[in-house]
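*Asks:* how would this look folded up:
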Amino acid sequence: MTSTEKGSPWQNRTEVEIRELKKHIRQLMDRTNTPGEFWDFCVKYVVELRNRLARPLSRLNGRTPQELITGNTPDISELIEFEWFQPIWYFKPCEFPHQNKLVAHWIGIANHVGQALCYWILPKSGIPIARMTIQEITKEELDTKVVRKKVNELDLSITEKIINQETEGVSIMLYREDKDE
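*Replies:* This is a model prediction of the structure:
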């Protein structure tokens, strides 16, 4: 164990990783126009990603941080299925033969919720929910006016919900399903 000088955070290797983590989060949120209120989901996603990817650090010897700690090669399939804040379809149960296909943003893996491949999504309610029944919106679909309009309406609705919560003094996001999704 070693100590660092007071006021010299660069002497601590952990501080370098925290700096890089913050940089990665800021870039990701800026690139995707993620509302700042969802920074905690982005932090969780980036930490999971960085722990499961090999990086050019000599002390890792070509292994991932998670592999170094556990001895197991990590499975990254959940992390590469979707991109951060990517618009996706999710399905809400309804009577057959109708299909209630709605738009949301993908915001990470819902560990310890449901089964494998369960994800956090951000629907128009602005309140994250966990779902397994989600699907990528293809580039061809995104190029259509109808789908583009749905994504724009989703973004507008989320922004309005955030503004309303701020004006009402609500400071804690509740992870529950909103009735008017």
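
*Asks:* residue 141 and residue 147 touch, don't they?
*Replies:* Yes. Look at residue 141 against residue 147 with CB atoms under 8 Å: they come within range, at 4.7 Å. All C-beta spots, glycine's among them, are computed from the backbone N, C-alpha and C.

*Asks:* can you count the residues close to residue 56?
*Replies:* 6 (other CB atoms under 10 Å).

*Asks:* swap that for residue 103, please
*Replies:* By other CB under 10 Å, the residues close to residue 103 number 21.

*Asks:* now the element after whichever helix or strand it is part of, going C-ward?
*Replies:* Assigned by DSSP states H and E, residue 103 falls within strand 100-109. Sequence order places strand 119-122 as the next helix or strand after strand 100-109, per DSSP H and E.

*Asks:* now residue 28: closest residue in space, sequence neighbours ignored.
*Replies:* residue 84 (5.3 Å; CB to CB, 6 or more residues apart in numbering).

*Asks:* can you show me the strands along this protein?
*Replies:* 87-92, 100-109, 119-122, 129-131, 134-136 (DSSP state E).

*Asks:* quick check: which of these is nearest to residue 17?
*Replies:* Judged by CB to CB, the one of those that comes nearest to residue 17 is strand 100-109, at 19.7 Å.

*Asks:* partner strands of that closest one and their direction?
*Replies:* Sheet pairing of strand 100-109 (DSSP bridges) gives strand 87-92 (antiparallel), strand 119-122 (antiparallel).

*Asks:* any idea which of these is most buried?
*Replies:* Across the strands paired with strand 100-109, the average number of neighbours (mean count of other CB atoms under 10 Å) peaks for strand 119-122, which reaches a mean of 23.

*Asks:* residue 153 against residue 146, yeah?
*Replies:* No. Contact criterion CB under 8 Å: residue 153 and residue 146 do not qualify, at 10.8 Å.

*Asks:* the more surrounded of these two?
*Replies:* residue 153 (12 against 7).

*Asks:* follow-up on the earlier one: distance-wise, check the residue nearest to residue 28 relative to residue 46.
*Replies:* Using CB to CB, to the nearest Å, residue 84 is found at 8 Å from residue 46.

*Asks:* sorry, back to before: quick check: pLDDT value at the residue nearest to residue 28.
*Replies:* Note on residue 84: pLDDT of 95.

*Asks:* with the one 4 residues further on instead?
*Replies:* The score at residue 88 is 97. That number is its pLDDT.

*Asks:* kindly report the same for the one 3 residues further on.
*Replies:* According to the prediction, residue 91 has pLDDT 90.
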